[in-house]
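1. let me see the structure of the following:
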Amino acid sequence: MFWRMSLRSVTRRRSRVLIAVLAVGIGATTLFALASIATDIPRQMTREMRAYGANLLVMPADGADRVPAAALAPIAGVLESADVIGSAPYRYETLRLNEQPFLTGGTDLDAVRQVSPYWYVEGEWPATPGEVLIGQDIAEWAGLEAGDEIELVAALESADADGGQAGEGAAAVGDAVVGDVGDQSDPAGAGEGSGAGVGAGGGATASGESGGQSAAAVGDAVVGDVGDQSDPAGAGEGSGAGIGAGGGATASGESGGEGEGPDAGDGAGPDAGDEAGGGGTGQAVLEEERAGTFTVAGVLSTGGSEDELILMALGDLEALAGGTGQYDVVEYSVAADAARIEALADQIAAEVGQVAAAPVKRLTESDTYVLSMLRSLLALIAVIVLALTMIGVSTTMMAVVAERQAEIALRKALGASNREVEREFLSESLALGAVGGIVGTALGYLLAQVISLNVFHRPVAMTWWLAVAAVGLSTLVAWAAALVPVRRAAEVDPAVVLRGE
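-> Modelled structure (predicted):
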């Protein structure tokens, strides 16, 4: 009997019922759409923020020169549980372009496009060996554009040893002429030198078996005859003309031994040359050069430090500068919040040797700030929508009570209690809230999909527990909104109403 009366009451007032259901439905639609976006927004936002570069860096630990390639596999194991968008190793060397040094990075360029998709390249990304990206600042300085060819020069250090004692060799840039060296007469490394001297120049080395002098020069230089050396400690008298520097020559010795004329050649001990102690091995550090020709595939513009960088394939840089399997930094782009990134960095530092890891705080902190602001905004909107829903349902129920005052008075005159009257109206409000909540939740999911596809370009996931919560909350809001009208219905005086007053 109770449900029949409630059903007839609803069907007799379709317009009022539809208004109440519409009010609850609009509230449920907005609530579920915002809740779905707020719940799924960390996944959406972290992926969107990854378009702005890496958020986790792996660098050499204290005491290590570079990150070894062997460390990448253990790092990948640590990050296996995380949502890794991409990773890119970098090795940096200083190469010369038009006799000017520029920092040059070797990396996996395909991986860089995943880690830093925001980079703008005028031209094309390098696709074959021998192609490079030039930073915008370098391109403007050198007047380069896509398709131009450039020569990059790497300076290599190596060691060249000759001699049976601690005599020094000579390293030079340019053409060199090495004079004859006299016979060695002292077992400790002293000897007679009567050669014509050393001319400075292109990568030549002068090394003798006597404990004589070494010369390093840029330009042309002439080293005079070296006199007899008979001191077993390496001291000797030089009777030559000294060192004539044409473009800058340096005579080796503890005090530099530079000069013109006989002053630089005469004397014993440090002014005449390095001491030759007991038959060591002479060694010179040589600076060799290796050049390569490359094609500018594109001009890189990021608005950051990359505009002053030359980028090439890692294999090209290793072929030019030498060495393999060593990196200066490895960048990772991980779809995770700041706390998760911090935990991963600590785990990598603890479990992987020779490396240190750190989050890029500029990105992780901005992720957290943006997410917190969006969630706060969505929560505020949800509260406002719920309040408006309550007002709409309450107003509708007040109108229903006013229309049904005569019916309420008649029921009470026939013996119905206030509790029975309240139960009827509250049951109707619960039914309206449930219907409106179900319809609104379905529409809210569609609205969330539209918003997500247009803003994030990805669909939002359906969260069933959230759907149940939205229906339940809509029903609860409708019930709460009906409390005041129901109290009005219970306070109806049958005598007053039935008399028409």
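2. helices along this structure, start to end?
-> Applying DSSP state H to the chain gives helices spanning 2-12, 14-49, 72-78, 109-115, 136-142, 314-321, 338-351, 361-403, 405-413, 418-455, 464-481, 483-490, 494-498.
3. out of these, which is the most enclosed?
-> Per residue and on average, the most neighbours among the helices of the chain fall to helix 14-49, with a mean of 21 (mean count of other CB atoms under 10 Å). The C-beta positions use only the backbone N, C-alpha and C, and glycine is treated the same way.
4. mean pLDDT added to the helices of the chain, as JSON lines?
-> As requested, the helices of the chain are arranged in JSON lines below (pLDDT from 0 to 100):
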{"stretch": "helix 2-12", "mean pLDDT": "59"}
{"stretch": "helix 14-49", "mean pLDDT": "80"}
{"stretch": "helix 72-78", "mean pLDDT": "92"}
{"stretch": "helix 109-115", "mean pLDDT": "90"}
{"stretch": "helix 136-142", "mean pLDDT": "94"}
{"stretch": "helix 314-321", "mean pLDDT": "93"}
{"stretch": "helix 338-351", "mean pLDDT": "89"}
{"stretch": "helix 361-403", "mean pLDDT": "80"}
{"stretch": "helix 405-413", "mean pLDDT": "81"}
{"stretch": "helix 418-455", "mean pLDDT": "87"}
{"stretch": "helix 464-481", "mean pLDDT": "89"}
{"stretch": "helix 483-490", "mean pLDDT": "83"}
{"stretch": "helix 494-498", "mean pLDDT": "74"}
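5. redo the ones you listed as CSV? Include distance to residue 292.
-> Below are these laid out as CSV (distance: least, CB to CB, whole Å):
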stretch, distance to residue 292
helix 2-12, 84
helix 14-49, 37
helix 72-78, 26
helix 109-115, 17
helix 136-142, 16
helix 314-321, 5
helix 338-351, 35
helix 361-403, 35
helix 405-413, 95
helix 418-455, 46
helix 464-481, 59
helix 483-490, 82
helix 494-498, 100
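6. may I have the beta-bridge partners of the nearest residue to residue 310 once chain neighbours are set aside?
-> Closest residue to residue 310 apart from its sequence neighbours, by CB to CB, 6 or more residues apart in numbering: residue 104 at 4.3 Å. Listed by DSSP bridges, the beta-bridge partners for residue 104 are residue 93, residue 310.
7. contacts only, for residue 104.
-> Under the criterion of CB atoms under 8 Å, 6 or more residues apart in numbering, the contact list for residue 104 reads 92-95, 152, 309-312, 317.
8. next one: residue 117
-> With CB under 8 Å, 6+ apart, residue 117 has these contacts: residue 51.
9. likewise residue 24?
-> 389, 392-393, 432-433, 435-437, 440, 474, 477-478.
10. please apply the same query to residue 115.
-> Neighbouring residues of residue 115 by CB under 8 Å, 6+ apart: 53-54, 85-88, 331-333.
11. swap in residue 109?
-> Applying CB under 8 Å, 6+ apart to residue 109 gives the contacts 125-126, 133, 311, 313.
12. could those residues go into JSON lines alongside distance to residue 456, neighbour count and pLDDT?
-> Listed next are the contacts of residue 109 as JSON lines, based on distance: CB to CB, whole Å; neighbours: other CB atoms under 10 Å; pLDDT from 0 to 100:
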{"residue": "125", "distance to residue 456": "26", "neighbour count": "16", "pLDDT": "94"}
{"residue": "126", "distance to residue 456": "31", "neighbour count": "22", "pLDDT": "94"}
{"residue": "133", "distance to residue 456": "30", "neighbour count": "28", "pLDDT": "95"}
{"residue": "311", "distance to residue 456": "30", "neighbour count": "25", "pLDDT": "96"}
{"residue": "313", "distance to residue 456": "33", "neighbour count": "20", "pLDDT": "95"}
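13. out of those, flag the one nearest to residue 290.
-> For those, the residue nearest residue 290 by CB to CB is residue 313; the value is 16.3 Å.
14. residue 129 is in contact with that closest one, correct?
-> Yes - here residue 313 reaches residue 129: they are 6.0 Å apart, a contact under CB atoms under 8 Å.
15. need the contact list for the residue nearest to residue 439 when sequence neighbours are not counted.
-> Distance criterion CB to CB, 6+ apart; nearest residue to residue 439, sequence neighbours excluded, is residue 25 at 4.8 Å. By CB under 8 Å, 6+ apart, residue 25 lies in contact with 436-437, 439-440, 443.
16. quick check: domain ranges of the protein?
-> What automatic domain parsing lists as the domains of the chain is 2-47+366-498, 54-155+290-359, 163-281.
17. thinking again about what came up before, greatest separation within the contacts of residue 24: which pair is it?
-> So, the contacts of residue 24 by CB to CB: farthest apart are 392 and 435, at 14.7 Å.
18. could I get the contacts of residue 25 as CSV with distance to residue 377?
-> Shown next, in CSV, are the contacts of residue 25 (distance: CB to CB, whole Å):
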residue, distance to residue 377
436, 25
437, 23
439, 26
440, 21
443, 21
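19. quick one, what contacts residue 418?
-> 412, 490.
20. so how far is residue 425 from it?
-> Between residue 418 and residue 425 the distance is 11 Å, computed by CB to CB, to the nearest Å.
21. now swap in residue 14 and tell me
-> Plainly put, residue 14 is 17 Å away from residue 425 if you go by CB to CB.
22. now stretch 295-304 - C-alpha only, CSV.
-> Taking C-alpha atoms only, stretch 295-304 is exported to CSV below (Å, rounded to 0.1, in the frame of the first residue of the first chain):
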residue,chain,number,x,y,z
THR,A,295,76.4,17.8,-42.3
VAL,A,296,74.1,20.1,-40.4
ALA,A,297,70.8,18.3,-40.5
GLY,A,298,68.9,20.9,-38.5
VAL,A,299,69.1,23.9,-36.2
LEU,A,300,68.0,23.3,-32.6
SER,A,301,66.0,25.9,-30.7
THR,A,302,64.9,25.3,-27.1
GLY,A,303,65.3,28.6,-25.4
GLY,A,304,67.8,27.0,-23.0
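23. need the contact partners of it.
-> Stretch 295-304 is contacted from outside by 116, 118-127, 130-136, 139, 144-150, 306-307, 309, 311, using CB under 8 Å, 6+ apart.
24. same thing with stretch 68-79?
-> Contact with stretch 68-79 is made by 58, 89, 324-327, 330, 332, 334, 344, 347-348, 351-355, 357, as judged by CB under 8 Å, 6+ apart.
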